[in-house]
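# my questions concern the predicted model and sequence given below.
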Amino acid sequence: RRVDDIRNETDYIHADERVHSELCAPLKIGDKIIGVLNAESIKKSAFTKDDENLLEIIAGQLAGAIQRLRIADAETHQTTLLTRANALIRVLAQVGSRAAAASAPEGVMRTLGSELGRIGMTCMVALPRDEKTLSIAYTSIPRHVVDLFERVNKIPLGELPIPLRVLLPPDDRELAPHLVEDPRETISRIITGQPAQIVQKTMHKIGIGDQVPVCQLPLTSDGKLQGVLWMWGEGIKENDLPTLSIFSNQVAIALQNSRLLTEVQRLAILDHGTGIFNRRHFFELAEQEFSKARRYRHHLTAIIVDVDNFKIFNDHYGHIIGDQVLYQVAQSLRSNLREGDILGRYGGEEFSILLPFTSLETARGVAQRLCEQVAGTKVRNGDQQLAVTVSIGLAEYEPEMKTLLSLVERADQAMYTAKESGGNRIHG
């Protein structure tokens, strides 16, 4: 547009009183105006039609140049984001692969914390306590800070209940990866009843500030929530969420696999019917203790326990009752042994026990207590309370015994003597 005298234009905004004439052309990309190119003069009627055409040509060229710069800038920004995302993917892939190599959930979480610490990030993992509550299972927060938190809040960090609802977004959808907008509010809803200054101090101690974003990542595998991971550290951005979401899936799978592996390993060493060690694992552990006793000449006593009249339980009451008898006897034995004692299913209705650092005299007291505890055990069969007793044989390691089996066999022989003497007694 060309204006010969702007003073005759009522809608003109005067920025410079000396200006009399003006020439302007829109900067357009297609049908979109992105700006205006303006020429002014202190003379009236200073511009001609040729000037107007020239300005329009210049405006078109300038608009094209601006658009190319914007595209180049967007491409540079996108390249920068892509480069950063790729770098983050590489780092997190290393973290995830090392965590996945751990054979237990605790190992996965410790590896996760250690590896994230190498790239300047702190983390915390909460695992489901029940369908509506989580509890913190691991954090890479320094131990002295955790100790301070527990003293101030008068509760161990791992016992602090985290209602799942406080982690949900305002629209109450399911958990999704996101940057926590207000960490202070979230922490306040978890640590209820604490004044704002305590919450603020807690945030400061664990490294969360205004410039340190907190990322909340649900750990989901096969559609099931395995836990929640919080990560914080400088440099986390909204654009990182897709990458972090992939990473959290990898961590969730690692946790699930480690749980499955732990369960498989647990089942491989336990007797299915009684929940105590099976024969193979009992002898694996017992061999270690036998080797120590031979090498260091310390006391070691073996015990064999046999359920009296077990065939009658099976034949008269059925195998279900027989299984209950074995289970309850096993639990009674386990609850009356020390942590370092080894209890296993020897075979059939027999149980094997190894008491490290225990003389025969001391073991007799243990065996008598076990005998009495089992005798006090009753197995319910409808309205009946069935009494159960056991015969127990003992043998202590002696230097001439070259193998564990020789020790166990001597205890087994003593058990048969107890059984032949009427049962519900010890011998050895």
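Cool, the structure landed.
# now for Leu326, how many residues are close by?
A total of 23 residues lie near Leu326 under the criterion other Cβ atoms under 10 Å. Yep, even glycine has a C-beta here, placed from its N, CA and C like the rest.
# which stretches of the stretch 201-350 of the chain form strands?
214-221, 224-232, 300-307, 342-347, 350-356 (DSSP state E, counting those that start in this stretch).
# how far off centre is the longest helix along the chain?
For the chain, the helix that runs over the most residues, judged by DSSP state H, is helix 49-100. Distance of helix 49-100 from the chain centroid (Cα atoms, centre = their mean, to the nearest Å) equals 39 Å.
# what's the answer for stretch 363-371, then?
Worked out by Cα atoms, centre = their mean, stretch 363-371 lies 42 Å from the chain centre.
# and for stretch 223-235?
The answer for stretch 223-235 is 9 Å, by Cα atoms, centre = their mean.
# same question for stretch 195-212.
Worked out by Cα atoms, centre = their mean, stretch 195-212 lies 23 Å from the chain centre.
# contacts for that stretch?
By Cβ atoms under 8 Å, 6 or more residues apart in numbering, the residues outside stretch 195-212 that reach it are 122, 141, 145, 148-149, 152, 183-184, 187-188, 191, 194, 214, 232-234.
# among these, name the buried ones.
Thr122, Ile141, Phe149, Pro183, Ile187, Ser188, Ile191, Val214, Trp232, Gly233 (16 or more other Cβ atoms under 10 Å).
# can I assume Gly96 is in contact with Ala252?
No: taking Cβ atoms under 8 Å as the definition, Gly96 is not a contact partner of Ala252, at 10.1 Å.
# quick revisit: out of the buried ones among the contacts of stretch 195-212, list just those in strands.
Thr122, Val214, Trp232 (DSSP state E).
# and Met121, what does it touch?
Contacts of Met121 (Cβ under 8 Å, 6+ apart): Met231, Trp232, Gly233, Ile236.
# and Arg380, by the same measure?
Per Cβ under 8 Å, 6+ apart, neighbours of Arg380: Gln324, Leu386.
# is it fair to say it lies in a strand?
Yes: the assignment for Arg380 is a strand, going by DSSP: H, G, I helix; E, B strand; the rest coil.
# use 37 as the first number from now on
Right, with 37 as the first residue, what we last looked at is Arg416.
# what's the pLDDT at it?
pLDDT for Arg416: 87.
# got it, and the one 10 residues further on?
With respect to pLDDT, Val426 scores 95.
# check Gly376 too.
93.
# that one and Ile389 touch, don't they?
No: with contact defined as Cβ under 8 Å, Gly376 does not count as touching Ile389 (11.7 Å).
# compare those two (neighbour count), which wins?
Legend: neighbour count by other Cβ under 10 Å for Gly376 and Ile389, higher for Ile389 (27 against 11).
# and the gap between that one and Val248?
To Val248, Ile389 is 55 Å away according to Cβ to Cβ, to the nearest Å.
# swap in Ala366?
To Val248, Ala366 is 52 Å away according to Cβ to Cβ.
# the two - which one has more neighbours?
Comparing Ala366 with Val248 by other Cβ under 10 Å, the one with more neighbours is Ala366, at 21 against 17.
# please name the nearest non-neighbouring residue to the more buried one.
Thr310 (3.7 Å; Cβ to Cβ, 6 or more residues apart in numbering).
# again, but for Arg165
Counting by Cβ to Cβ, 6+ apart, the residue nearest Arg165 is Ser171, at 4.6 Å.
# could I get the buried residue list for the helix or strand where that neighbour lies?
If you go by DSSP states H and E, Ser171 is part of strand 169-175. For strand 169-175, the buried set under the neighbour-count rule, 16+ other Cβ under 10 Å, comprises Leu170, Ser171, Ile172, Ala173, Tyr174, Thr175.
# ok, back up a step: between the contacts of Met157, which is nearest Pro435?
Met267 (58.6 Å; Cβ to Cβ).
# surely that closest one meets Asp276?
No: Met267 is not in contact with Asp276 according to Cβ under 8 Å; the separation is 9.9 Å.
# residues that sit against both of the two, list them.
Cys251.
# for the residue nearest the centre of the chain, list each beta-bridge partner.
Among the residues of the chain, the one closest to the centroid is Val161, at 4.7 Å (Cα atoms, centre = their mean). For Val161, the beta-bridge assignment (DSSP bridges) gives partners Tyr174, Leu265.
# isn't it right up against Tyr174?
Yes: in this structure, Val161 is within contact of Tyr174 by Cβ under 8 Å, at 4.5 Å.
# give me the common contacts of those two.
With Cβ under 8 Å, 6+ apart, Val161 and Tyr174 have common neighbours Met145, Leu148.
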